[in-house]
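> Got a sequence here, can you model it:
(chains A and B)
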There are 2 protein chains.
Amino acid sequence: MITSELKDFTYTFGEIDKIDAIGFLSRVKQSPEQFKQGKVVLVTASTPLKASRGEGKTTTTIALIDALRRRGVDAAAVLRQPSMGITAAGSKGGASGGGKSTLSHPEIADWGLTGEMARIADAQNLLVAFCEKAVDDGILSDILIPRVSETPSRSLRSVRVDGGKLAERFVLTPASEMMQIVTLSRSVEEIAERVGNMIAGTAPETGAPVQVKDFVDVERIIRVIGNAVQPAYMESGEGSPVYIHCGPFGNVSLGIPGLTAVDMACALHDVVVVEAGYGADAGGQKWLDIASREFGAQWPAAAVVVTRATTWRDDPQLQWRYPFAVNRLEELGIASFPMINLWEGEDGEVPQLRQTAAELGFRNPIAGNLWRDGGEGLVAQLDEFIDVVNNADGSIRPDSNLSRDFMDTVTWICEKAYGVPSDRVIEKDGFAQILSEEKQRAEQVGIDFDSLAVLPVKSPATMTDNDAAPESERTVTLKKVEVHAGAGLVHVNVTTSLTTPMPKIV
Amino acid sequence: MITSELKDFTYTFGEIDKIDAIGFLSRVKQSPEQFKQGKVVLVTASTPLKASRGEGKTTTTIALIDALRRRGVDAAAVLRQPSMGITAAGSKGGASGGGKSTLSHPEIADWGLTGEMARIADAQNLLVAFCEKAVDDGILSDILIPRVSETPSRSLRSVRVDGGKLAERFVLTPASEMMQIVTLSRSVEEIAERVGNMIAGTAPETGAPVQVKDFVDVERIIRVIGNAVQPAYMESGEGSPVYIHCGPFGNVSLGIPGLTAVDMACALHDVVVVEAGYGADAGGQKWLDIASREFGAQWPAAAVVVTRATTWRDDPQLQWRYPFAVNRLEELGIASFPMINLWEGEDGEVPQLRQTAAELGFRNPIAGNLWRDGGEGLVAQLDEFIDVVNNADGSIRPDSNLSRDFMDTVTWICEKAYGVPSDRVIEKDGFAQILSEEKQRAEQVGIDFDSLAVLPVKSPATMTDNDAAPESERTVTLKKVEVHAGAGLVHVNVTTSLTTPMPKIV
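Numbers count the residues shown, from 1 in each chain, chains lettered A, B, ... in the order given. Predicted structure coming up:
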């Protein structure tokens, strides 16, 4: 059942409800004392061995809120919208949990039927169409906004249009700047302003960057975005509240749910479990360093770091990554609970896993076969977790990025999030040139380059150029930079591993 | 208010309702005596001078049902889903009427927010992604299904992907085979079968065509289509019922609303006004010769042929087209009412227009400034129209195409629909070769080529190679042929005018 405070802001959308979160948050602003100030718990994971192999973050998130509610805690979850294309391709199932820890309408979440992806794709593609007209009209000489496809498609990585004259790019919808804007914005006015600020392309004679607002009626884009700004409401099998909104693909984009959905959930519930992935190095890092530090989202009161038993155990050369993730969060003052997502036949391994955790100085792991047992299997294990969350200071507001210098921030991320000190951060040939061009581009449209939040782009399965190398030899190579002036982000492609915002069907 | 019989099949979808028409039609089939057998009235138009210039079919349709209901007739309208991309581009406003003759939610219809276009686009693009994987897997050597874009984009007409190795095509969503399949199918099972029958590409060694069902789990595509099979319910400003479903772009595709929506409306109302465009030569022809003759849709009890006063009057060389359209429908036994859609300042022209109509042997025109006056301006003019519809035999079931030979059907269409006899139907160089290849392709997948319904593809603004030439010199050139094995159609590109399933933004 949707909470009574949301009634006026909820409308039926086929088999599910959608919520006018922006409208609701205006009411919260008017009389905040009538609402809760819930604490955020971050659910993230170990860096996965393969992108296509989930550790079970969504399953954990759903089991965790079910277990918390059985313990009398008013908990809710905020999940990211699954990518329909990836689901439909069948490479990793859906992204709506599994077994006893699943959603009331997994098929609607997984198959894109809340409409959000489609609206965001249409909006960005419409923008490209306007850019194309601007090329015809002599306003632009090239188009810097990529087209969007909601289905993965290898061949769209490299496209020449218009009889071969013009190069274009396609990215998957979740990786688009439009998705970033909807994820990070708190109002429709903010979305409009950010869309207007996007860099559309280059002016023919001056070579200066041209922004969307210079030639597009942004209202048309806003109309197409429509209700993509409104989170969907679903429930766990046990009826626990789950809000779904925006943002998968933490390796090439944000990997976090929409901030309005999280703000809304915090006004309604005491504990709000926020999923961010793929791992602590991707969506986890982005929740902390982008959402919290730069966009005013809540700093987590605690974290749950999910791993499969096998991920933690089976590759000795990569075993360092799981403790690294847990320890990094602890070092930030965030109590971090290891969560072992057991598969069939692994129950007997728990004592050994607990011993390993103790040797590593971890908190006692929470463990369970969540697919089989759901939240019920966790209820008795949550004493310390509930205690920590109850006693956490929910009002911590972290500094924005420690330095306002782009390169300082990049090396800081490499050290803190990937364990590679600045003297082993390598610039690929041409990197400095691209960096200087992008800096100039930002400045030409009046944006302070160093004020942009830094968003690393990398493979979901790697943290460094070679995670299997000994710690003292690990490096991170910086490859290129791309300003997302509308979203207020600067992408930096890190590590030598191949990555793409347009995967193929596998 | 939605009619009570639909209550169990209707669900709220944001600000509008969507209807499970397929479910409702199953109930009708069980006890047909409990439902109406409404008569179809076709609203179509003169061939427009420019594609971007609507004559006012939707405005007329809405005014007409409002006027009929004021006269005590239980009338409803079935409209085509507007193309969001074209609306957003701003070239011709929306497609939801105007002024006093508009919909309760024009913005939702115009901006694609019933979700239908997006779902159909996603479904066909997903199919292309599966084809791409099939190329990688050695199942296909090329891909014959075009990608889909919901925004018009000149440059997507010619695309090379995969580093230039592979040519691909994009078509606008309304022009896709997926849209044709959803428009023409009466059940989800039929959609699945038709999607499975689509020709995906060519086998590498044999060169034989490969169908979707040979390598795709069609259920995945059906899931993505989701509720695109369900018409949206809206109302006119006066509360008259309007069902909206599928099918714009009568020049390059069908240009008619979904057949389930029309069947449903006929079970609920006495008069069902069906919009088909651009003109009588495009969507009008397709309603008669494809929907009615081949797919069992109702033969119209009457027709209303809309023109602006200026379209009829201002170009002497093209003046023949309007009477041609009216007379052609009359010759088919369909009582055809001229409808003059007056613009501001044109009221004084009515007597002259009536005299011209009389000289041409037309029925007395219905005329009105529908934008300004809505249906109210038509109420007093509908005596003959109501009489004709009341007395029409609603059970006429026309022959399927008179001949089952493709070339006979094509020349028959050229003669009947465009006024060009078979000896002036010209085959462009290479046409016979393409025809023979497409025939072979169909036969290789077990489809009788001559059993496919013929769908002409042309410019919306031309009926012949040169409409301004004297009647005895007019020709039609046949350019190419393309089998849509899933939809059960064979496209034939006619006339020398340029046409494209991927317009540019204007």
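> which residue sits farthest out from the middle of chain A?
In chain A, the residue that sits farthest from the middle, by CA atoms, centre = their mean, is residue A:205; the gap is 38.3 Å.
> Quickly find the element holding it.
Assignment of secondary structure by DSSP states H and E places residue A:205 within no helix or strand.
> And it, how close does it get to chain B?
As judged by CB to the nearest CB, to the nearest Å, residue A:205 and chain B stand 22 Å apart. (Glycine included, C-beta is placed from N, CA and C.)
> likewise residue A:49?
Distance of residue A:49 to chain B, computed by CB to the nearest CB: 23 Å.
> What number of residues are in the vicinity of the residue of the stretch 51-200 of chain A found nearest chain B?
Using CB to the nearest CB, residue A:118 is the residue of the stretch 51-200 of chain A that sits closest to chain B, at 3.4 Å. Using other CB atoms under 10 Å in any protein chain shown, residue A:118 has 26 neighbouring residues.
> And for residue A:431?
17.
> and the longest helix seen in chain A with helix B:116-136, angle?
Selection of the longest helix in chain A by residue count, based on DSSP state H, yields helix A:116-136. For helix A:116-136 and helix B:116-136, the angle between their directions (axes from the mean of the first three to the mean of the last three CA atoms, to 10 degrees) works out to 90 degrees.
> now the next helix or strand after helix A:116-136, how far from the centre of its chain.
In the C-terminal direction, the helix or strand that comes right after helix A:116-136 (DSSP H and E) is strand A:142-143. Averaging C-alpha positions (CA atoms, centre = their mean, to the nearest Å) puts strand A:142-143 28 Å from its chain's average.
> Mind listing residues that contact strand A:142-143?
The list of residues contacting strand A:142-143 from outside it, by CB atoms under 8 Å, 6 or more residues apart in numbering or on different chains, reads A:128, A:131-132, A:135, A:166, A:168, A:200-202.
> Now which of the residues you listed would you call buried?
Burial by neighbour count, 16 or more other CB atoms under 10 Å in any protein chain shown: within these this picks out A:128, A:131-132, A:135, A:168, A:200-202.
> Save the residues you listed as TSV, and put in pLDDT and distance to chain B too.
Output for the buried ones among the contacts of strand A:142-143, formatted as TSV (pLDDT from 0 to 100; distance: CB to the nearest CB, whole Å):
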residue	pLDDT	distance to chain B
A:128	93	7
A:131	93	10
A:132	89	6
A:135	91	8
A:168	80	7
A:200	97	14
A:201	96	13
A:202	96	16
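> what residues are up against residue A:61?
Applying CB under 8 Å, 6+ apart, one finds that residue A:61 lies in contact with A:43, A:77, A:79, A:97, A:273, A:275.
> next SSE after the strand or helix carrying it?
In this structure, residue A:61 sits in helix A:57-70 according to DSSP H and E. With elements assigned by DSSP H and E, the helix or strand that comes after helix A:57-70 is strand A:75-79.
> and that following strand, how far from the chain's centre?
15 Å.
> Show me what that strand is packed up against.
Strand A:75-79 makes packing contacts with helix A:57-70, strand A:241-244, helix A:259-268, strand A:271-275 when contacts are defined by 3 or more CB pairs under 8 Å, 6 or more residues apart in numbering or on different chains; DSSP states H and E.
> Out of the ones you listed, flag the one nearest residue B:158.
Across the helices and strands packed on strand A:75-79, the minimum distance to residue B:158, taken as CB to CB, is reached by strand A:241-244, at 38.7 Å.
> Off-centre distance for that closest one?
The chain centroid and the centroid of strand A:241-244 are separated by 16 Å under CA atoms, centre = their mean.
> Please tabulate the buried ones among the contacts of strand A:142-143 in JSON lines, including the columns distance to residue A:26.
Written out in JSON lines, the entries for the buried ones among the contacts of strand A:142-143 read as follows (distance: CB to CB, whole Å):
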{"residue": "A:128", "distance to residue A:26": "32"}
{"residue": "A:131", "distance to residue A:26": "33"}
{"residue": "A:132", "distance to residue A:26": "37"}
{"residue": "A:135", "distance to residue A:26": "40"}
{"residue": "A:168", "distance to residue A:26": "39"}
{"residue": "A:200", "distance to residue A:26": "31"}
{"residue": "A:201", "distance to residue A:26": "36"}
{"residue": "A:202", "distance to residue A:26": "39"}
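> Show me where the stretch 351-500 of chain A has its strands.
Taking DSSP state E, counting those that start in this stretch as the test, the strands found in the stretch 351-500 of chain A are A:366-368, A:425-427, A:453-457, A:476-484, A:489-494.
> Mind putting the ones you listed into a markdown table with mean pLDDT and distance to chain B?
Output for the strands of the stretch 351-500 of chain A, formatted as a markdown table (pLDDT from 0 to 100; distance: least, CB to the nearest CB, whole Å):
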| stretch | mean pLDDT | distance to chain B |
| --- | --- | --- |
| strand A:366-368 | 96 | 30 |
| strand A:425-427 | 98 | 27 |
| strand A:453-457 | 97 | 21 |
| strand A:476-484 | 97 | 19 |
| strand A:489-494 | 97 | 20 |
